[in-house]
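Asks: fold the following, please.
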Amino acid sequence: SSVCPTAVASTAANFAIVQARRAQNCTGAITPTGGEIGRTYVFNSLGNLVANPVQRDLRNIGSSNAVGGLGSTLFETSQLDPQFERKTANLLASFEFSDAARVFFQGRYVDLKSVQAGQATFFNNTFSINNPFLTDANRSLLRQIYGRPTGDFNFSAQRYDVDFGPRGENHDRETYNLTGGIGGKFNDDWKYEVAVTYGHTKTFYQTEGNVDTDKYANSIDAVRAPNGQIVCGINADDDPTNDDAACVPINTFGDGIASAQTGALNYFGIPSQRRQTASLFDVTAYVSGDLSQLFTLPGGPIAFSVGGEYRTETAFSGYDALTKSSNTFLNAFDDFTPPKLKVKEAFGEVQIPLLADLPLIRELSLNASGRLSDYNVGSTGTVFAWNLSGTYSPVKDLRFRVGYAKSVRAPTLSDLYGAASQDFALITDPCDQSNINNGPNRVKNCAAAGVPVTEIDPATGKTIAFTNTPSSSISGISGGNPDLREETGYSFTAGAVYQPSFVPGLTLSVDYYNIRIKNVIFSLDAQTLINQCYDSPSGNDNPYCAAVTRNADGSFGGQADKIINGVTYDLPGTGNGFREGSFNFARQQTSGVDFDANYFHSFGGGLKANLHAIVAYVLKRNNYTDISDPGYIDRQLSELGDPIWKASLLANIDFGKFDLNYNFRFVGKQTIGLYEDQHSLQGRPPTNPDLYPVVNYPNVTYSDVRVGVDASDVFRFYVGVDNLFDKDPPYGLDGTGDDAIYDNIGRFFYAGARIRF
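Replies: From the prediction side, this is the model:
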């Protein structure tokens with residue numbers, strides 16, 4: 001972006017110069033803070049520097065984007081669905097010596113190769129006005145833009161390097177899993193089993209399109225040598241120690257101009273490699289049976305199962321040396337070398353049939369189970385999970401069930417020991433004066449953090465409202481937390497099953513659930529960390545603000561630039577602005593009702609029909625993310641990925657040799673932004689009621705159809721189409737993360753065959 005001059009003219013001649021520069025460099029639009037917006041210039045496909053012909057410049061509403069023009073959408077090299085090839089082999093074998101001894105073996109091997117394309121590299125470069133790749137016309141225009149008719153100076157130019165080629169990843173993953181064991185019966189009707197499992201995964205990633213940033217800096221620093229040739233600056237200065245004979249200068253002044261400069265691209269372009277391994281060793285043994293040989297309750301004998309398990313897990317992940325050095329475009333990752341996970345467990349379950357076959361008591365039973373686990377890593381230690389449930393059936397057609405359980409999820413090796421890595425995030429600063437009123441607590445919290453409310457515009461020397469809009473991503477770090485402890489959940493369920501005898505084949509069920517989880521392990525991204533810090537109603541003495549670093553001028557650590565009134569200014573960019581990672585950060589709660597209906601009927605003559613409908617209605621899904629204010633709700637229900645209503649209907653008609661399947665899916669509406677953006681919650685007003693012109697993504701339905709034919713006892717053929725009516729996902733989504741609740745491919749045809757032998 002150009003500088004929009006606002007200096008006061010002291011002479012008539014100076015006035016004419018200033019007015020000429022204003023006509024050339026000012027768009028006439030004003031930023032939300034009152035600053036004049038400078039015109040943006042781009043190098044087009046012919047290599048000419050021109051004013052960006054945008055249809056609409058959005059900087060006047062606080063954005064750094066535009067509609068139309070010659071900029072990038074950031075999706076030019078994106079891939080909607082990755083290419084992959086999978087090979088799978090399974091082996092099952094068993095041999096029964098007697099009822100007391102049956103040996104078994106199961107082996108599975110999977111080889112997966114996939115190719116995934118991603119965004120190209122991007123840089124904010126600094127060039128000399130004397131760069132020999134600049135044409136005379138471009139150099140003259142730059143001097144006019146900067147008001148520097150003579151002398152040397154540098155200018156900045158941001159670049160999205162589509163013409164360098166995409167950053168693609170080639171994945172090659174091998175997985176095998178081997179299980180062997182022995183089982184059988186003893187003591188008349190008791191059973192036992194001992195099984196040993198070993199699994200191993202090996203993955204090799206090769207990332208194409210990475211850039212050695214040191215060599216890239218050498219290549220773009222082009223100068224003209226005394227002999228007239230264009231060379232890298234390091235080979236033309238007075239210091240022979242920094243010479244690199246392999247350096248090839250590159251001309252980046254033009255959209256698409258770099259693609260033919262293979263010498264330079266090969267000089268600084270590199271593939272990055274990452275290797276990962278993971279292994280599992282598990283031994284499980286159990287004994288099950290009943291106590292009928294000792295006694296029997298009125299409802300029947302007590303059944304039981306007891307056992308133990310020992311499990312170990314190992315993992316490794318590491319990049320090549322150059323990528324780990326932080327001298328490439330990719331984030332820098334240390335090797336992931338966690339200690340071996342060792343888990344020892346003992347478990348048991350008992351089924352107690354209290355009463356049966358009495359008036360209004362066809363069945364009354366209790367079930368209790370528990371698992372004692374001991375972990376050698378993290379802060380989990382020894383934990384106990386349990387489940388208590390009961391079943392009551394007054395008559396044959398009707399059954400009630402209820403249960404209450406405590407469950408435990410220990411942190412994974414990645415949660416605990418994830419290697420510290422360099423990370424980058426394009427952050428919207430809540431303390432920017434154009435954003436500070438989007439949350440009720442930001443003014444107070446930003447002031448407490450020492451963030452200024454005003455600053456000096458370098459172009460005019462005037463005092464303006466503080467703004468902190470970076471044009472490029474901010475540097476931070478991300479890694480594991482070895483002090484994590486287990487998540488603990490408590491769940492209550494109650495339901496009923498109705499199988500009316502007057503409608504054979506019909507089963508109706510309804511279940512209510514209420515789940516509460518505390519000490520939730522959750523990885524917070526940089527924007528969430530920063531928003532949580534300054535939006536917290538309890539001030540900024542919280543773990544989120546502890547993970548945010550600011551400089552004295554209000555910018556973030558690791559911030560390399562900022563935009564003031566449409567002009568981008570460089571900042572030191574030292575340090576890190578945030579620390580992402582996992583936290584036992586609070587609680588989650590969810591409740592809802594699930595409905596299930598299934599009907600099967602055989603009409604005779606080989607004709608059969610089956611209908612299965614499932615409806616999920618979620619009553620509540622909340623995150624409690626503020627440790628200092630435990631009752632503060634962050635509503636997840638209705639947000640993308642968590643609709644209130646979901647439903648499916650599967651219909652199958654089997655004609656014998658021919659069958660027809662129809663699958664209907666319904667996904668309810670979901671908010672475009674956060675629920676709190678445009679809704680009141682807990683008496684709090686919406687944080688940004690005008691954020692979007694509409695509030696929700698609409699309801700959507702999908703239909704899938706498949707036809708199968710048994711050509712013989714050996715061959716079966718099938719053909720189908722998913723998303724029959726070619727429903728597109730809503731605008732603004734890319735098919736990843738929570739977006740994947742929508743179909744992102746469109747109408748999809750497939751066909752196949754199965755061979756039995």
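
Asks: what about Gly476, which helix or strand?
Replies: For Gly476, the host element (DSSP states H and E) is strand 474-479.

Asks: ok, and what's touching that strand?
Replies: Applying Cβ atoms under 8 Å, 6 or more residues apart in numbering, the external contacts of strand 474-479 come out as 418-427, 526, 556-560, 573, 575-581. Any C-beta I mention is one placed from the backbone N, CA and C, and that applies to glycine too.

Asks: now with 7 Å, please.
Replies: Taking contacts as Cβ atoms under 7 Å, 6 or more residues apart in numbering, the residues outside strand 474-479 that touch it are 418-425, 427, 526, 556, 558-559, 573, 576-581.

Asks: just the buried residues of the residues you listed.
Replies: Buried by 16 or more other Cβ atoms under 10 Å: 418-425, 427, 526, 556, 558-559, 573, 576-581, out of these.

Asks: re earlier: quick check: neighbours of the strand holding Gly476 in the sheet, parallel or antiparallel?
Replies: strand 421-425 (antiparallel), strand 579-584 (parallel) (DSSP bridges).

Asks: would you reformat those as CSV and include distance to Arg139 and mean pLDDT?
Replies: Formatted as CSV, the strands paired with strand 474-479 follow (distance: least, Cβ to Cβ, whole Å; pLDDT from 0 to 100):
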stretch, distance to Arg139, mean pLDDT
strand 421-425, 32, 85
strand 579-584, 43, 83
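
Asks: for Phe123, find the nearest of these.
Replies: strand 421-425 (12.2 Å; Cβ to Cβ).

Asks: and Ser509, how far is that from Asn387?
Replies: Relative to Asn387, Ser509 is positioned 19 Å away (criterion: Cβ to Cβ, to the nearest Å).

Asks: now swap in Ile741 and tell me
Replies: Relative to Asn387, Ile741 is positioned 30 Å away (Cβ to Cβ).

Asks: which among the strands paired with strand 474-479 is found nearest to Tyr632?
Replies: Closest among these, once you apply Cβ to Cβ, is strand 579-584, at 15.5 Å.

Asks: and the helix or strand following that closest one, which strands flank it?
Replies: The first helix or strand that comes after strand 579-584 along the chain, using DSSP H and E, is strand 587-604. Here strand 587-604 has these sheet partners by DSSP bridges: strand 506-518 (antiparallel), strand 607-624 (antiparallel).

Asks: can I get these in TSV including mean neighbour count?
Replies: As requested, the strands paired with strand 587-604 are exported to TSV (neighbours: other Cβ atoms under 10 Å):
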stretch	mean neighbour count
strand 506-518	16
strand 607-624	16
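
Asks: as CSV, these with distance to Cys533 and mean pLDDT would be great.
Replies: Listed next are these as CSV, based on distance: least, Cβ to Cβ, whole Å; pLDDT from 0 to 100:
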stretch, distance to Cys533, mean pLDDT
strand 506-518, 22, 97
strand 607-624, 16, 96
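
Asks: mind putting the ones you listed into a markdown table with distance to Phe253?
Replies: Conversion of those to a markdown table gives the following (distance: least, Cβ to Cβ, whole Å):
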| stretch | distance to Phe253 |
| --- | --- |
| strand 506-518 | 55 |
| strand 607-624 | 48 |
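
Asks: those: which one's closest to Val231?
Replies: Ranking the strands paired with strand 587-604 by proximity to Val231 (Cβ to Cβ) places strand 607-624 first, at 57.2 Å.

Asks: just checking, what packs against the helix or strand just after that closest one?
Replies: Counting by DSSP H and E, the next helix or strand C-terminal to strand 607-624 is strand 634-635. Applying 3 or more Cβ pairs under 7 Å, 6 or more residues apart in numbering; DSSP states H and E, one finds that strand 634-635 makes contact with strand 607-624.

Asks: hmm, who's touching the strand it packs on?
Replies: 586-602, 630, 632-637, 642, 644-655.

Asks: where along the stretch 51-200 of the chain do the strands fall?
Replies: Listed in chain order, the strands found in the stretch 51-200 of the chain under DSSP state E, counting those that start in this stretch are 54-57, 66-68, 83-98, 101-116, 122-128, 154-160, 169-186, 190-211.

Asks: can you put these in JSON lines and add distance to Ala410?
Replies: Compiled in JSON lines, the strands of the stretch 51-200 of the chain are given as follows (distance: least, Cβ to Cβ, whole Å):
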{"stretch": "strand 54-57", "distance to Ala410": "52"}
{"stretch": "strand 66-68", "distance to Ala410": "48"}
{"stretch": "strand 83-98", "distance to Ala410": "30"}
{"stretch": "strand 101-116", "distance to Ala410": "26"}
{"stretch": "strand 122-128", "distance to Ala410": "39"}
{"stretch": "strand 154-160", "distance to Ala410": "43"}
{"stretch": "strand 169-186", "distance to Ala410": "22"}
{"stretch": "strand 190-211", "distance to Ala410": "19"}
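
Asks: in CSV: these, plus mean neighbour count, mean pLDDT and distance to Ala711.
Replies: Written out in CSV, the entries for these read as follows (neighbours: other Cβ atoms under 10 Å; pLDDT from 0 to 100; distance: least, Cβ to Cβ, whole Å):
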stretch, mean neighbour count, mean pLDDT, distance to Ala711
strand 54-57, 15, 82, 58
strand 66-68, 13, 82, 56
strand 83-98, 10, 93, 24
strand 101-116, 15, 95, 29
strand 122-128, 16, 90, 55
strand 154-160, 17, 89, 53
strand 169-186, 16, 96, 33
strand 190-211, 17, 95, 37
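
Asks: tell me which helix or strand Tyr534 sits in.
Replies: Assigned by DSSP H and E, Tyr534 belongs to helix 526-535.

Asks: next, the angle from that helix to strand 421-425.
Replies: Using axes from the mean of the first three to the mean of the last three Cα atoms, to 10 degrees, the inter-axis angle of helix 526-535 relative to strand 421-425 is 70 degrees.

Asks: so what does helix 526-535 touch, helix or strand wise?
Replies: Here helix 526-535 is seen to pack against helix 442-448 when contacts are counted using 3+ Cβ pairs under 7 Å, 6+ apart.

Asks: residues making contact with the helix it packs on?
Replies: In contact with helix 442-448 (Cβ under 7 Å, 6+ apart) are residues 430-431, 436, 534-536, 539-540.

Asks: please repeat the previous calculation with a cut-off of 10 Å.
Replies: Taking Cβ atoms under 10 Å, 6 or more residues apart in numbering as the criterion, the residues outside helix 442-448 that touch it are 429-433, 435-437, 439, 451-453, 466, 531, 533-542, 545, 550, 554, 687.

Asks: of the residues you listed, buried ones?
Replies: In the contacts of helix 442-448, the ones that pass as buried (16+ other Cβ under 10 Å) are 429-433, 435-436, 439, 451, 466, 531, 533-536, 540, 542, 545, 550, 554, 687.

Asks: list the buried ones in stretch 470-484?
Replies: Residues of stretch 470-484 classed as buried by neighbour count (16+ other Cβ under 10 Å): 470-481, 484.

Asks: quick one: terminal-to-terminal distance for that stretch?
Replies: With Cα to Cα, to the nearest Å as the measure, the ends of stretch 470-484 fall 33 Å from one another.

Asks: and it, average pLDDT?
Replies: In this model, stretch 470-484 carries a mean pLDDT of 88.

Asks: okay, now Gly318: neighbour count?
Replies: Look at Gly318: counted by other Cβ atoms under 10 Å, it has 18 neighbours.

Asks: who are the neighbours in contact with the residue lying closest to it once chain neighbours are set aside?
Replies: Distances taken as Cβ to Cβ, 6 or more residues apart in numbering put Asp335 closest to Gly318, at 4.1 Å, once the chain neighbours are dropped. Listed by Cβ under 10 Å, 6+ apart, the contact partners of Asp335 are 275, 316-319, 324, 419.

Asks: closest to Ala93 among those residues?
Replies: Within these, the smallest distance to Ala93 is 31.6 Å, found for Phe316 (Cβ to Cβ).
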